[in-house]
Every structure is written in C-alpha cells, then in structure tokens.
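1. Quick one, structure for this:
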Amino acid sequence: GKYHLFFQHNEEDASWGNIVWGHATSADLVKWELVSPILTKPPRYERGGAWSGSMFKRGTDIVALYTCTDGKFRNAQCEAIADDASLTSFTRNPNNPI
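-> The predicted model follows:
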C-alpha cells in the first residue's frame, strides 16, 4: 500500500492565495514523492481556496471534507469524493457548499 499526505499548497507562489491541496505519497514514510495536487480549478464558491480539512471513508468512498472560501472572507464547508483508489482526482459535491 501507499501512504498519502495532503497539505495546503499554493502552486503559483510562496505566498497566501490560490490554495489547493498538495499531495505526496510514500511506501515507507521516509521517501516521499510529490504527485499532482487535488482540488484545483476552483468553482466560484471556492475562488479563495480549499483550506483545512480531513478525509474519511463513507461506505466505499473516500471523502474530503474541507473549508472553502469564496475570496471575500465567506467560508463554508465543502466536500469532494475520490474518483478512484489512487486519490489523485476528486469530484466536488454538486451541492457545495454543503
């Protein structure tokens, strides 16, 4: 199996803004490999970023539950479901923010 680490990440700059979830994997918890970030291409309600959250298993789905913000300091809770076991892509809940 693989371990997955997700973290707040700005792909464009070393400053505040454009926050997505960075993603790294490891087989041994010592050597890590960066893979494509998730929660990119934000919809309007998430233009301020996909912030802190967690993942959990709901039935057979892996669900990311996180704070999203519209960039105008209006925060809400959002949810996305992993498209497959690789955890490299997620589909946002069409009812976001939930």
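2. What is the neighbour count of Thr91?
-> Neighbour count for Thr91, taken as other Cβ atoms under 10 Å: 10. (C-beta placed from N, C-alpha, C; glycine too.)
3. Contact partners for it?
-> Ala80, Ile81, Asp83 (Cβ atoms under 8 Å, 6 or more residues apart in numbering).
4. if we go to 6 Å?
-> For Thr91, the contacting residues are Ile81, Asp83, by Cβ atoms under 6 Å, 6 or more residues apart in numbering.
5. Distance of it relative to Thr25?
-> Counting by Cβ to Cβ, to the nearest Å, the separation of Thr91 from Thr25 is 20 Å.
6. give me the beta-bridge partners of the residue lying closest to Ile62 once chain neighbours are set aside?
-> Once flanking residues are discounted, Ile62 sits nearest to Ala82: 4.0 Å by Cβ to Cβ, 6 or more residues apart in numbering. Beta bridges link Ala82 to Phe90 when assigned by DSSP bridges.
7. pretty sure Ala82 is touching Ser89, no?
-> No: counting by Cβ atoms under 6 Å, Ala82 stays clear of Ser89, with 7.5 Å between them.
8. The two: who's more crowded?
-> Using other Cβ under 10 Å as the criterion, Ala82 and Ser89 rank with Ala82 on top: 19 against 13.
9. And the more buried one, how close does it get to His4?
-> For Ala82, the distance to His4 (Cβ to Cβ) stands at 10 Å.
10. Also Ile19?
-> Ile19 is 18 Å from His4, by Cβ to Cβ.
11. Comparing those two, which shows the higher neighbour count?
-> More crowded of Ile19 and His4, by other Cβ under 10 Å: Ile19, with 22 against 16.
12. The nearest residue to the more buried one once chain neighbours are set aside: neighbour count?
-> In space, and not counting its chain neighbours, Ile19 is closest to Gly49: 3.1 Å by Cβ to Cβ, 6+ apart. By other Cβ under 10 Å, 23 other residues sit near Gly49.
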